[in-house]
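Q: Dropping a prediction and its sequence here:
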Amino acid sequence: MNLPKVADIVIIGAGVSGLSVALPTAKAGCSVVILDKGEPWSDASGANAGTLSIQVKRREVLSLIHESIQRWQQMSEDYGIDVGFGQPGGIRVATTDAELIQLEQSVRDQQIEGIDVHMLDDETLRTMAPWLGPQVKAGSFCRWDSYSNPLQAGNAMVAGARTMGVVVAGGNAVTAIDHEKNSACGRFRVRTSTGQIIHARHIVNTAGAWAGEIASMLDTRLPMEVDVNMLTVTESAPPLFDRVVTHAGGILSIKQFPNGTCLIGGGWQGSGSVKSGIKQIDYERFIHNMRVAASVIPTLGNLHIIRTWAGFEAVAPDALPIMGQLGGYDQAWVLACARGGYSLAPALGARLAEMILSPSTCEPCPQYSPQRFCHE
């Protein structure tokens, strides 16, 4: 693919974060190019269970996830994109006494923050969710808990961005970024592995597991770890359950899509590393993931598994998003490394787009700024 020689914004990373910045900036009239070393949507975004749950989020991002769910829901209206959004509400379950204590505390904490979530008594739980297994001791409910279908959302967001004029170019790893302070073409010169060069006014680092590598090209260090998350999809089946289901221990995420397939995740780790480029299934952990799923919803045990795969997800040391100005460059930006970054991306992308488009009027987000790591 021949890339344009000049763009208002070059985004590095064609996952959900990069696309969530591209859509509002392109809608505002900017010329946008998204570069990716692999195929768009091929790592964390494509290895995500698509759960948009308020209940599983930490207090620091509760307002953010609420906003993001609304933005997921409005994708069709805002950009003509069908991301497979559904909002059946979510049940978060506990299967041990210790988990029950943890769940009750989480509900109290979220209620203090104004979240509409509550514990269910046993009768209500069993009436609402007769498909839950006997090992489930208790559950809480939040009507805002939702999902999008990541297998559908990726193609839809890429296609929607292209319809709006965004150039989305896979197979173009960024090999160098030079700062050109006095250039008439833009502040940055970006070179790719295909030998092409783009001059850009703004650089946005949404490279996920490779965000640290990209940041180093601008003489900036991003502290981060990389998980190898696993995801499983089942064959299509008649309706088995009708809520988003998560676990108080953070070891399960399940939903059934309208096409009948069930998507099972929960943060169980595969094996591999960014350095080697290897991401593989850990079959012992995979089996544990399936056992937990079948104990919570026993009818899942009757289904055939169609596919299991893994992808890299970058996480900051404090598990909060890294979003804002990158290093000492006033037109270099980063959005990366959030735990649960898929669910938060539309809100974070919109906020970063506002920083780019209206820097003098947007509200700062110091709690997510890369500057919080400057002392390290």
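A: Yep, that arrived.
Q: tell me the helices in the stretch 151-300 of the chain, going along the chain?
A: 211-216, 283-296 (DSSP state H, counting those that start in this stretch).
Q: To clarify, my last question referred to the stretch 1-150 of the chain.
A: 16-27, 62-73, 75-79, 97-112, 122-128, 150-163.
Q: And the longest one, what does it pack against?
A: The reference is to helix 97-112. Counting contacts by 3 or more C-beta pairs under 8 Å, 6 or more residues apart in numbering; DSSP states H and E, helix 97-112 is packed against strand 90-94, strand 117-120, strand 138-142. Heads up, the C-betas are built off the backbone N, CA and C, glycines and all.
Q: start to end distance for stretch 326-333?
A: Taking C-alpha to C-alpha, to the nearest Å, stretch 326-333 runs 5 Å from one end to the other.
Q: neighbouring contacts of it?
A: 179, 187-188, 201-205, 215, 218-220, 323-325, 334, 352, 355-356, 370 (C-beta atoms under 8 Å, 6 or more residues apart in numbering).
Q: if we can go back for a sec, and among the helices of the stretch 151-300 of the chain, the most buried is which?
A: Among the helices of the stretch 151-300 of the chain, helix 211-216 has the highest mean neighbour count (mean count of other C-beta atoms under 10 Å), at a mean of 21.
Q: In PyMOL, select just the buried ones from the contacts of stretch 326-333.
A: Of the contacts of stretch 326-333, the buried ones can be selected in PyMOL as follows, counting by 16 or more other C-beta atoms under 10 Å:
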select buried, resi 179+187+188+201+202+203+204+205+215+218+220+323+324+325+334+352+355+356+370
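Q: Can you tell me which of the helices of the stretch 1-150 of the chain is nearest to V315?
A: Taking C-beta to C-beta, helix 16-27 is the member of these nearest to V315, at 13.3 Å.
Q: Using PDB, write out every CA atom in that closest one.
A: The C-alpha coordinates for helix 16-27 follow below in PDB (Å, rounded to 0.1, in the frame of the first residue of the first chain):
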ATOM      1  CA  VAL A  16      -9.400  -0.600  19.500                       C
ATOM      2  CA  SER A  17      -7.400   2.300  21.100                       C
ATOM      3  CA  GLY A  18      -6.000   3.600  17.800                       C
ATOM      4  CA  LEU A  19      -9.400   3.300  16.100                       C
ATOM      5  CA  SER A  20     -11.100   5.000  19.000                       C
ATOM      6  CA  VAL A  21      -8.800   8.000  18.400                       C
ATOM      7  CA  ALA A  22      -9.100   7.900  14.600                       C
ATOM      8  CA  LEU A  23     -12.900   8.000  14.400                       C
ATOM      9  CA  PRO A  24     -13.500  11.300  16.200                       C
ATOM     10  CA  THR A  25     -10.500  13.000  14.700                       C
ATOM     11  CA  ALA A  26     -11.400  11.900  11.200                       C
ATOM     12  CA  LYS A  27     -15.000  13.000  11.800                       C
END
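Q: Just the angle for it relative to helix 62-73, thanks.
A: Counting by axes from the mean of the first three to the mean of the last three C-alpha atoms, to 10 degrees, helix 16-27 lies at 60 degrees to helix 62-73.
Q: Begin at 29, not 1, for the rest of this chat.
A: All set: I'll call the first residue 29, so the last point we hit is now helix 44-55.
Q: sorry, back to before: Throw the helices of the stretch 29-178 of the chain into a markdown table and include distance to G198, mean neighbour count and mean pLDDT, thanks.
A: Below are the helices of the stretch 29-178 of the chain laid out as a markdown table (distance: least, C-beta to C-beta, whole Å; neighbours: other C-beta atoms under 10 Å; pLDDT from 0 to 100):
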| stretch | distance to G198 | mean neighbour count | mean pLDDT |
| --- | --- | --- | --- |
| helix 44-55 | 12 | 27 | 97 |
| helix 90-101 | 24 | 20 | 95 |
| helix 103-107 | 21 | 16 | 96 |
| helix 125-140 | 39 | 15 | 96 |
| helix 150-156 | 43 | 13 | 97 |
| helix 178-191 | 9 | 20 | 95 |
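Q: Now render those helices as TSV, adding distance to W172.
A: Listed next are these as TSV, based on distance: least, C-beta to C-beta, whole Å:
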stretch	distance to W172
helix 44-55	19
helix 90-101	6
helix 103-107	16
helix 125-140	11
helix 150-156	16
helix 178-191	19
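Q: Kindly reformat the helices and strands packed on helix 125-140 as JSON lines containing mean neighbour count and distance to L331.
A: Formatted as JSON lines, the helices and strands packed on helix 125-140 follow (neighbours: other C-beta atoms under 10 Å; distance: least, C-beta to C-beta, whole Å):
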{"stretch": "strand 118-122", "mean neighbour count": "26", "distance to L331": "19"}
{"stretch": "strand 145-148", "mean neighbour count": "18", "distance to L331": "26"}
{"stretch": "strand 166-170", "mean neighbour count": "22", "distance to L331": "22"}
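Q: nearest to D270, of those?
A: Set against D270 and scored by C-beta to C-beta, the helices and strands packed on helix 125-140 come closest in strand 118-122, at 10.0 Å.
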